[in-house]
Structure formats: structure tokens, C-alpha cells
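Undergrad: have a look at this fold, sequence not included:
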């Protein structure tokens, strides 16, 4: 596991958690009260796109009061249709004002092939809607309401 810059052609580059399967990284956070969202982008390391393999699986879990909930599970292949940042806004409002453990995990692709499985979690960070706004659809983590400056 390392923090390294990822440069995705035609898109902004930024610091990324590079995790090769079967890696896991946990953070214990004291979340502030109010609506909060986890903003993270996923992508395969651009150099690995030509290494073949079947891609990698990204999993994010939250643990609170002994209960574990899966917040994200995504599979990305090393193929052209996946060669871009995949943005995610994950609502953490249910855990506001509490202590949680977030665990980022990577695993191999569906064939269990570890070749080229250089998975990247781009700049995980907490963001919130301005003034605690909720979108007209009732979503806290609406991309139009969240202010996120990289």
C-alpha cells in the first residue's frame, strides 16, 4: 500500500492509495454530526492497463458498534471502457456524530488472476453539502449539492 500520483490520460491526476490485492487499509474516524459524504474515485493504475489480467475488485466497508456494512463493491477491468476515474459519493449521514472504522479493500478480478491488479483509491475525503442542504430528491450526497475542491 502506498500513496502515489495517478495520471489518467485526459483527466486530472492526483494522489491515490495504490493497493494490490489482497490489501486492506482501515481508518478510524470520529465523524462530525450532520450530513457527511465520503468522496473517492476508483481506477486501475494506468501503467497496468497493458499488463493483461482480469482487473480488480474494490470494496469499502464501515464498522460501527460491532456491525459491518458494505458501502461499495465495484469491479474494474483493465479494458478501455474502464480506463478513467470512477467517482463515488457515499452517504455517511447515518453515522454522523459517531466513531466508525472505514476499511478499503482490494481483491482480484472474477477469475482470481492477480496480474495487473494495481487498484487505486483516488483521494478519499469527507465532503458535505453546503449548509447541510439536501437535494430535491432527498439525497444528501447529490453531486450537484456537494462542494468538493481537490
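TA: Yep, it's here. If you're wondering where the values come from, they're calculated on a predicted model, not measured in any experiment. Residues are numbered from 1 along each chain as shown.

Undergrad: what residue lies at the spatial centre of this structure?
TA: With distances taken as Cα atoms, centre = their mean, the residue of the chain nearest its centroid is residue 40 (3.9 Å).

Undergrad: need the nearest residue in space to that one, chain neighbours excluded.
TA: The spatially closest residue to residue 40, leaving aside those adjacent along the chain, is residue 124, at 4.3 Å (Cβ to Cβ, 6 or more residues apart in numbering). In this view, the C-beta of every residue, glycine as well, is placed from N, C-alpha and C.

Undergrad: packing partners of the strand or helix carrying that neighbour?
TA: Secondary structure assignment for residue 124, by DSSP states H and E: strand 119-127. Contacts defined by 3 or more Cβ pairs under 8 Å, 6 or more residues apart in numbering; DSSP states H and E place strand 119-127 against strand 14-19, strand 37-44, strand 56-64, strand 99-108.

Undergrad: and that strand, what's buried?
TA: Neighbour counts over strand 119-127 (16 or more other Cβ atoms under 10 Å) mark 119-124 as buried.

Undergrad: and which of these is nearest residue 91?
TA: Among the buried residues of strand 119-127, residue 124 lies closest to residue 91 (Cβ to Cβ), at 14.6 Å.

Undergrad: my read: the closest one touches residue 39, true?
TA: Yes - contact criterion Cβ atoms under 8 Å: residue 124 and residue 39 qualify, at 7.4 Å.

Undergrad: circling back: so which of the helices and strands packed on strand 119-127 is the most surrounded?
TA: Ranked by mean neighbour count, the helices and strands packed on strand 119-127 are led by strand 37-44 with a mean of 23 (mean count of other Cβ atoms under 10 Å).

Undergrad: direction included, what does it pair against?
TA: Strand 37-44 has the following strand partners under DSSP bridges: strand 86-91 (antiparallel), strand 119-127 (antiparallel).
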